[in-house]
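Colleague: What shape does this take:
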Amino acid sequence: MAINNNNAEADALTREFVTMAGVSMTDAIVIAMKEAIERRTRSESPAETAARLRKKHGISLTQSSRKPLSREVIDSLWDEG
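Modeller: Numbers count the residues shown, from 1 in each chain. Reported below is the predicted structural model:
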């Protein structure tokens, strides 16, 4: 199936990549799609990012850290000045 591109921005970006990479339009699209799929496959979920950051900073989730903050604590976070 052929790709029909009627979007001026997509065409300009593809042509810019063709010039930069010295490849054909078809190759440019294939390269771009492979890179985009690889990036999305490698990306972390929000839960994975949170777990990685907790590990990096030595933070563990305890039962007390899972409890919501009290109203007083939340109110104390507001700057009244």
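Colleague: When you work out contacts or count neighbours from here on, use the C-alpha atoms and nothing else.
Modeller: Noted.
Colleague: what about Leu61, distance to Thr26?
Modeller: 49 Å (CA to CA, to the nearest Å).
Colleague: Which one of those two is surrounded by more residues?
Modeller: Taking other CA atoms under 10 Å, Leu61 and Thr26 do not tie; Thr26 has more neighbours (12 against 9).
Colleague: Now that one: which helix or strand?
Modeller: Here Thr26 sits within helix 25-42, counting by DSSP states H and E.
Colleague: All the strands of the chain, in order from the start?
Modeller: Ranges of strands in the chain, per DSSP state E: none exist.
Colleague: Let's see the pLDDT reported for the residue positioned nearest the centre of the chain.
Modeller: With distances taken as CA atoms, centre = their mean, the residue of the chain nearest its centroid is Ser43 (6.5 Å). Looking at Ser43, its pLDDT reads 86.
Colleague: same question, Gly22
Modeller: Gly22 is assigned a pLDDT of 96 by the prediction.
Colleague: Next one: it from Thr14, what distance?
Modeller: As judged by CA to CA, Gly22 and Thr14 stand 11 Å apart.
Colleague: higher neighbour count, these two?
Modeller: Using other CA under 10 Å, the more surrounded residue of Gly22 and Thr14 is Thr14, with 19 against 11.
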